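Task: produce atomic coordinates for the following.
(2 chains, ligands or ions: 6)
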Amino acid sequence: MDLHLIPSAVPSSEERAAIDAALGTCAADRQWLLPALHAAQERAGWISEGALNYICERLSVPPADAYGVASFYALFAMAKRPRAVAHVCDDIACRVNGAEALCGALEARLGKPGEPLPGASATWLRSPCQGHCERGPVALVQIAGPNPVNTTVTAATIESILGSLAGSTFEPRATSQPPSRVRATAGQANNGEGDSWIAAPQTTVPEWRPGLRLLRRVGVVDPASLDDYRAHGGYAALRRALDVGPEGVLREITESRLLGRGGAAFPTGRKWEAVAHAAVRPHYLICNADESEPGTFKDRVLMEEDPFALIEAMTIAGYATGCETGYVYIRAEYPRATSRLAHAIERARLRGLLGDDVMGAGVRFDIQIRRGAGAYICGEETALFNSIEGKRGEPRNKPPFPVQAGLFGKPTVINSVETLANVLDIVSQGGPAFSRIGTAASSGTKLFCVSGCVERPGVYEVNFGALLGDLIEFAGGVRGGRRLQAVLLGGAAGVFVTPDELGMPLTFEGTRAQGAALGSGVVMVFDDSIDLGDIVHRIAAFFREESCGQCVPCRVGTIRQEELVHRLRAGAPMGSAAAELALLDDLAGAMRDASICGLGQTASGAIQTAMRKLGVFGATKS
Amino acid sequence: MTGAAIPAPPSREVELTIDGRQVRVPEGTTLLQACRSVGIDTPTLCYLETLTPVNVCRVCVVEVEGSRALVPACSRPVEPKMVVHTDSERVRHSRRVVFELLASSVDLSLAPARVREDMARYGASPERFGPRAARVAQPVKVDNELYVRDYSRCILCYKCVEACGADAQNTFAIAVSGRGFGATIATEFDHPLPDSACVYCGNCIGVCPTGALMFKSEHDMRAAGTWDESRQTVTETICGYCGVGCTLQLRVQDNSIVRVTSPLDHDVTSGHLCIKGRFGFQFVQNR
Ligand SMILES: Cc1cc2nc3c(=O)[nH]c(=O)nc-3n(C[C@H](O)[C@H](O)[C@H](O)COP(=O)(O)O)c2cc1C
Ligand code: SF4
Ligand code: SF4
Ligand code: SF4
Ligand code: FES
Ligand code: FES
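Ligands and ions are numbered 1, 2, ... in the order given. Below is the predicted model:
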């Protein structure tokens, strides 16, 4: 192939320098495409033709191909726009917290989303869930330049967003050096700018702390301090892992009966065994930190508050499965988790806990961070592989499965952050002990992301087997003492349940028995003041926006579904609401059966259950 | 398992059941090939013998017992003891809806007759999504003298991208850009073809199943209302531009060459040509 670049498109010297800094002396390989595109975007505020050209030249990627990749991601702008952009979440949890009013106010000040006023230095865009649902409304503010800003504004107001866009609230600080904070006592609510540990309300109440396992160190350790982590039991699990050896670790994981927490509930032990014993080398480990299911934010809290735990767990996983390289694929909407994790990786490397000789035991393992760029679908494991490889984030058809041919076509272990977080206790305390927590078919504890109309939204850790109603009570019940209307379980890809179903046990088997699923642990509560039709409409739009577009049932099915919901919402059904429901069922059947991946397969569940079980849009309840 | 030192016989046979029939095919065969080997007709849109399967259109889906979702026959290799249903209610339903979704969003009027037959076979009625169903509407791109691109006919089968890329031409002038319903085939920044890497081999036209990519000669004649297949003949010849020996199929109307293709099963070309064979006739004719 002769590389044909765009005639006479040259980068600015700033763009060139930023791209060079991101790429260093790396080989011309398209796996660096995403980091290079981020560098260009963060320097100039968009991907200019000159910048794309230069990236293509350095990485030897055809420009059409690179354009196809860049234009796939929502956070890359393919046309010039102001350098300061607020991506304002208008997704379901934030809608309950006034996101639409905020968008209206922004429109009055800054013009329509994506249509900056003449000469404006800032603009705004609507965005899907940004994983900070417990403190909505939320906006990701990005300011391109020599010291690019990426920050999340929570409990956002028009003033705080405009202030952030003007750069007023930012002291420039190196992104990999979070300020070291020592928490005196948990429970002392520190209202300083966005403390993420208070997103886990159990950690603030001393009586609740003893029951915590995954959240044990949250709010207690200083996330920037490796010494503090070790003082709180850190690296004891890796020590034990090195003592029992890879096969010993595999046995503990299998005996723990740990099931993946990323949605598919696949046995982690089986996955690890398959890769550990795969003949093809190298093996890769991936931590899936894309966390983009609307209403999900537990992985973020773990990464922000206990980043060394994830690094230790990944090291154990890599050791047990024969991987020397691990990747954390983290969504770009998590700037703080990214910087804390990057900082922690650096510290671990300096202390010989990552690198060529981990803990002096002759084990080689290191971790790279890869940032997504605004695409829910990249949380799907095979889309994630393609994204790291510098391709469009389109899921692959399975088989082959990741354990056979995953990242770069090699055997790959991919686990979610929460799954990995469980590994530490399993290795320290033994698989059998772990397996006795929870229920027979769902071992351990589970993190739930409780949001919407509750008194104390946040991440909650409970033993498997707790009832849905108990969890909502734990979060303080429906806020303002209002009546419960519905709960969305499992996120946009999940289903609605009714107030009659609060006795549902929160286990894999218990939810399945009632036609639901835990999914990513979303429990989003809607009181009787919420217009569920509006929520359902937003869910339909979400799937239309996030479909990768590869397969027909999902690419076209999600837009037909949105049109259908739009008609119902406008009170103008084709035929009747019942006829529309029948059409939806037809669409859903084909999407579930014939789509390539889980996005298309689950895109109708919430809408169908809202109409069937809750009578939204006046379709008959069944 | 026998020892690794003994090489496996070159092609072991796999036995499976398709629509109640026992079928034996060599290992590595796809379900589509297995179906075809016993005369079971399966619709396809994004599949082409000469290209790597992308399994995106999903009209070929079949039911495999034990599999939660349906599976694409075009790319799924057979496995021993598979039990496959190609005409179950679920299969018929999905195929029907997929055709409806496609026909409600793009212009299939120049797709092969086979597509209309399949739509009738599965009872597809695209109208049921209403008169306001969004369509992939785009103006026709006429930016060079040789071929035009009308993406309002594009079903995103990825064939042109594959033909332009690693499967044949290795030029990579076009790729899928954007995502979701907004995804479309484009050059970088949607630049006109003459500014792109395109070398006008026309291989993308050769594989496009819907007329989205078309010889400009054909496009102009259709626009003028003079395109008339009943007055056309196809003549096979060998391209004289170089010594490779590509077979050309010249479609002629009123003594003018209006389209040039090469047979898919031709062992020299696999259907692919270069600018000289594909478009060289224009230099001859326009002298
Ligand atoms: C559309 C879609 C999005 C997904 N997003 C995520 C995600 O953000 N995080 C995650 O851990 N798993 C996600 N998954 C599930 C992954 O494909 C995969 O099953 C998971 O990472 C495996 O890890 P586990 O075994 O630890 O659960 C998603 C799946 C689909 C279909
Ligand atoms: S189901 Fe949707 S997201 Fe998944 S591959 Fe198909 S188009 Fe892409
Ligand atoms: S004519 Fe050839 S080079 Fe040009 S886009 Fe088509 S396949 Fe690619
Ligand atoms: S232009 Fe033709 S070949 Fe290319 S994707 Fe569209 S329909 Fe397929
Ligand atoms: S951050 Fe807005 S809905 Fe999750
Ligand atoms: S022909 Fe099999 S998916 Fe298109």
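
Let's see stretch A:571-588 as PDB, backbone CA atoms only.
Written as PDB, here are the backbone C-alpha positions of stretch A:571-588 (Å, rounded to 0.1, in the frame of the first residue of the first chain):
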ATOM      1  CA  GLY A 571     -50.000  11.100  21.100                       C
ATOM      2  CA  ALA A 572     -50.000  10.200  17.400                       C
ATOM      3  CA  PRO A 573     -49.700   6.400  17.200                       C
ATOM      4  CA  MET A 574     -50.000   4.600  13.900                       C
ATOM      5  CA  GLY A 575     -53.200   2.800  14.500                       C
ATOM      6  CA  SER A 576     -53.400   2.500  18.300                       C
ATOM      7  CA  ALA A 577     -50.900   2.200  21.200                       C
ATOM      8  CA  ALA A 578     -51.600  -1.600  21.100                       C
ATOM      9  CA  ALA A 579     -50.700  -1.700  17.500                       C
ATOM     10  CA  GLU A 580     -47.500   0.200  18.100                       C
ATOM     11  CA  LEU A 581     -46.700  -2.300  20.900                       C
ATOM     12  CA  ALA A 582     -47.200  -5.200  18.500                       C
ATOM     13  CA  LEU A 583     -44.800  -3.500  16.000                       C
ATOM     14  CA  LEU A 584     -42.300  -2.900  18.800                       C
ATOM     15  CA  ASP A 585     -42.500  -6.600  19.700                       C
ATOM     16  CA  ASP A 586     -41.800  -7.500  16.100                       C
ATOM     17  CA  LEU A 587     -38.800  -5.200  16.000                       C
ATOM     18  CA  ALA A 588     -37.500  -6.400  19.400                       C
END
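
wait, does it make contact with chain B?
Yes: residues of stretch A:571-588 contacting chain B under CB under 8 Å from any CB of the partner chain: A:574, A:583, A:586-587. For the C-beta atoms, the positions are set from N, CA and C on the backbone; glycine is no exception.

which among these gets closest to ligand 6?
A:Leu587 (18.3 Å; CB to the nearest ligand atom).

Could you grab the helix/strand/coil label for A:Pro432?
Three-state call for A:Pro432 (DSSP: H, G, I helix; E, B strand; the rest coil): helix.

contacting residues around it?
For A:Pro432, the residues meeting the contact criterion (CB atoms under 8 Å, 6 or more residues apart in numbering or on different chains) are A:255-256.

again, 6 Å this time
A:Glu255 (CB atoms under 6 Å, 6 or more residues apart in numbering or on different chains).

circling back: let me know the closest of the residues of stretch A:571-588 next to chain B to chain B.
A:Met574 (5.3 Å; CB to the nearest CB).

Give me the pLDDT value at B:Pro10.
With respect to pLDDT, B:Pro10 scores 62.

Grab the nearest non-local neighbour of A:Ser529.
Using CB to CB, 6 or more residues apart in numbering or on different chains and skipping residues adjacent in sequence, the residue nearest A:Ser529 is A:Arg482, 6.3 Å away.

quick one: which of the residues of stretch A:571-588 next to chain B is most hemmed in?
Counting neighbours by other CB atoms under 10 Å in any protein chain shown, A:Leu587 leads the residues of stretch A:571-588 next to chain B with 25 neighbours.

Helix, strand, or coil at the residue nearest to A:Phe474 when sequence neighbours are not counted?
Distances taken as CB to CB, 6+ apart place A:Tyr460 nearest to A:Phe474, at 6.0 Å, with adjacent residues excluded. Three-state call for A:Tyr460 (three-state DSSP): strand.

swap in A:Cys103?
At A:Cys103 the chain is in helix, as set by three-state DSSP.

okay, now it: neighbour count?
20.

And for A:Glu380?
Neighbour count for A:Glu380, taken as other CB under 10 Å: 27.

my guess is it contacts A:Glu394, does it?
No: counting by CB atoms under 6 Å, A:Glu380 stays clear of A:Glu394, with 9.4 Å between them.

for the residue of the stretch 251-400 of chain A found nearest chain B, what are its contacts?
Closest approach between the stretch 251-400 of chain A and chain B, counting by CB to the nearest CB: A:Asn397, at 5.0 Å. For A:Asn397, the contacting residues are A:596, B:55, by CB under 6 Å, 6+ apart.

tell me the phi and psi of the residue lying closest to A:Val487 once chain neighbours are set aside?
What sits nearest to A:Val487 in space, not counting adjacent residues and going by CB to CB, 6+ apart, is A:Val497, at 5.1 Å. Note on A:Val497: its backbone torsions stand at phi -120, psi 160 [degrees, to the nearest 10].

and what of B:Ser256?
Torsion angles, degrees, to the nearest 10, at B:Ser256: phi -120, psi 140.

count of residues packed around it?
Residues near B:Ser256, counting by other CB under 10 Å: 12.

Count residues in the vicinity of residue 149, would you?
The chain I'm using is chain A. Applying other CB under 10 Å, I find that A:Val149 has 20 neighbouring residues.

meant chain B actually
Neighbourhood size, B:Arg149 [other CB under 10 Å]: 26.

hang on, the earlier thing: quick check: the residue nearest to A:Ser529 vs A:Asp500, distance?
Noted for A:Arg482: a distance of 17 Å to A:Asp500, by CB to CB, to the nearest Å.

Also A:Gly494?
Distance of A:Gly494 to A:Asp500, given as CB to CB: 17 Å.

Who has more neighbours out of these two?
Neighbours of A:Gly494 and A:Asp500, each counted by other CB under 10 Å, are more numerous for A:Gly494; the result is 29 against 8.

Need the pLDDT of the more buried one.
So A:Gly494 comes in at 97 (pLDDT).

For the residue of the stretch 301-450 of chain A found nearest ligand 5, which residues are in contact?
Here the stretch 301-450 of chain A gets closest to ligand 5 at one residue, A:Glu333, 8.3 Å apart by CB to the nearest ligand atom. With contacts defined as CB under 6 Å, 6+ apart, the neighbours of A:Glu333 are A:130, A:140.

Let's verify it: helix, strand, or coil?
Here A:Glu333 is coil, with the state taken from three-state DSSP.

Same question for B:Leu248.
B:Leu248 - assigned by three-state DSSP - is strand.

surely B:Arg12 meets B:Gly28?
No: applying CB under 6 Å as the test, B:Arg12 and B:Gly28 come out as separate, 9.0 Å apart.

Now do the shared contacts for those two.
Joint contacts of B:Arg12 and B:Gly28 (CB under 6 Å, 6+ apart) do not exist.

Report the contact partners of the residue nearest the centre of chain A.
Centroid-nearest residue in chain A: A:Glu291, 1.2 Å away (criterion: CA atoms, centre = their mean). For A:Glu291, the contact set (CB under 6 Å, 6+ apart) comprises A:131, A:299.

do the one 3 residues further on as well
Contacts of A:Pro294 were listed using CB under 6 Å, 6+ apart, and they are A:91-92, A:129, A:491-492.

cutoff 7 Å now
Contacts for A:Pro294 were tallied using CB atoms under 7 Å, 6 or more residues apart in numbering or on different chains; they are A:91-92, A:128-129, A:491-492, A:542.

and what of A:Ile539?
A:92, A:492, A:606-607.
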